[in-house]
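# Sequence and computational prediction follow.
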Amino acid sequence: MRSQAIVEFGSPLKELETPTPTPQGTEVLIKTANAGVCHSDVHIHDGYFDLGGGNKLPLGNLKLPHTLGHEIEGEVVAIGPDVKGVKVGARYAVYPWIGCGDCAPCLRNEENYCVKPRQLGCSSGIPGGYATHVLVPHQKYLLDYGKTSPALAAAYMCSGLTGFGAMKKVGHLAEGDEVVVLGCGGVGMMGIQFAKALFGKGPIAADIDDGRLEDAKKLVADTGGAYAIVDFVGSESSFAFANAITRNKGSKIIIVGLFGGAMAMPLPLYPLRALSIIGSFVGSLPEAQEMMEIVRAGKVDPIPFTTRPLAEAGQTLSDLRAGKITGRVVLTP
Ligand SMILES: [Zn+2]
Ligand SMILES: [Zn+2]
């Protein structure tokens with residue numbers, strides 16, 4: 001098999017040729033057809049997350065070489081002896097946020113919060129989709145995407161699930177409860193569509209830099225403030241805005257975006273306002289399954305994407321870093 005791997009943080013990816021693995025036990029070998037390039041791949045390639053103000057969070061324990069890619073779609077080409085009901089030749093999207101299966105978060109079906117994660121393309125020693133083949137530990141991570149475009153099915157595994165997982169944290173809406181979405185980039189747009197599918201009505205959407213913030217403020221004023229704000233920006237100003245438009249009591253601010261910054265708030269305000277501030281990181285396997293039901297039902301509009309050959313993986317990371325890419329780039333190994 002071939003992969004485009006990180007051999008040194010920040011240096012160009014290198015094509016590696018390694019033996020194609022033979023699936024054991026419950027493992028499934030996927031021949032990658034589509035692998036989305038996500039902005040977090042840029043950070044892993046850099047070797048750190050930028051915390052703003054010149055502060056860096058290093059990814060010190062990622063073993064190199066490492067193959068990126070957590071948005072994967074492909075064809076089953078071999079199965080382990082314990083795999084049942086999955087046929088060679090079938091195509092699936094692959095849930096990448098895989099856990100150890102034994103820890104408390106895994107046991108409560110929140111593998112995406114696992115304490116010993118085995119996330120495809122992200123965790124140390126777990127190669128991802130920038131490769132001709134990917135080994136998946138169990139068939140339960142294979143998701144049916146129906147008639148959806150295979151490239152989009154790949155992209156749903158991160159950007160789609162991030163939008164969906166955030167909307168699920170809103171919970172049940174009563175009549176008159178308003179949800180406000182801040183930030184209408186790719187993930188925010190997906191979040192808006194999933195909100196429509198989950199709540200039967202669209203959220204109030206606002207981009208942080210335009211006059212629609214004022215409109216959003218006016219719209220929620222009628223109901224005494226917003227019940228939930230889903231912040232796909234995650235900056236000091238988006239949080240300040242969210243905080244200003246919440247209803248007096250019992251509202252939620254769900255932070256998804258990683259723009260950065262800090263906030264300080266007097267502690268008594270949390271109980272007095274019964275305020276919940278919730279961080280959201282991708283989604284669980286059951287959430288991914290629920291999301292794919294909505295996707296298969298055709299309730300989500302496609303997002304723009306372009307395809308590139310696997311050999312352009314490194315160039316794509318550079319273009320993404322330089323802000324030269326709109327929509328998703330999906331590699332086709
Ligand atoms: Zn991602
Ligand atoms: Zn675990």
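Perfect, I can see it now. Ligands and ions are numbered 1, 2, ... in the order given.
# residue contacts, the closest residue to residue 39 other than its chain neighbours?
What sits nearest to residue 39 in space, not counting adjacent residues and going by Cβ to Cβ, 6 or more residues apart in numbering, is residue 320, at 6.1 Å. The C-beta positions use only the backbone N, C-alpha and C, and glycine is treated the same way. Residues near residue 320 by Cβ atoms under 8 Å, 6 or more residues apart in numbering: 37, 39, 41-42, 329.
# Strands of the stretch 51-200 of the chain, residue ranges please.
55-58, 66-67, 71-79, 91-94, 133-136, 142-143, 179-182 (DSSP state E, counting those that start in this stretch).
# Quick check: neighbours of the fifth one in the sheet, parallel or antiparallel?
Just to be clear, that refers to strand 133-136. Strand pairing for strand 133-136, using DSSP bridges, gives strand 28-37 (antiparallel).
# how about the strand it pairs with: buried residues?
28-37 (16 or more other Cβ atoms under 10 Å).
# do the same with stretch 193-203
Those would be 193-199, 203, for stretch 193-203 by 16+ other Cβ under 10 Å.
# go on, stretch 241-252?
For stretch 241-252, burial by neighbour count (16+ other Cβ under 10 Å) applies to 241-243, 245-247, 251-252.
# For that stretch, measure first residue to last.
Using Cα to Cα, to the nearest Å, the end-to-end distance of stretch 241-252 comes out at 13 Å.
# what's the answer for stretch 264-271, then?
With Cα to Cα as the measure, stretch 264-271 spans 15 Å from end to end.
# Any idea how far it is from the middle of the chain?
30 Å (Cα atoms, centre = their mean, to the nearest Å).
# same deal with stretch 21-30?
25 Å.
# buried sites along that stretch?
Neighbour counts over stretch 21-30 (16+ other Cβ under 10 Å) mark 23, 26-30 as buried.
# quick one: least confident helix or strand in this structure?
The weakest-scoring helix or strand in the chain, judged by mean pLDDT, DSSP states H and E, is strand 48-52 (a mean of 74).
# and that one, which strands flank it?
Using DSSP bridges, strand 48-52 pairs in its sheet with strand 55-58 (antiparallel).
# contacts for the partner strand?
Strand 55-58 has contacts (Cβ under 8 Å, 6+ apart) with 47-51.
# of all these, which two lie farthest apart?
Longest distance between any two of those is 13.8 Å, between 47 and 51; criterion Cβ to Cβ.
# between those two, who's got more neighbours?
residue 47 (16 against 13; other Cβ atoms under 10 Å).
# Settle this for me: that one is touching residue 11, isn't it.
No - counting by Cβ atoms under 8 Å, residue 47 sits too far from residue 11 to count as a contact (10.0 Å).
# Which of the contacts of strand 55-58 sits closest to ligand 2?
If you rank those by distance to ligand 2 using Cβ to the ion, residue 49 comes first, at 21.9 Å.
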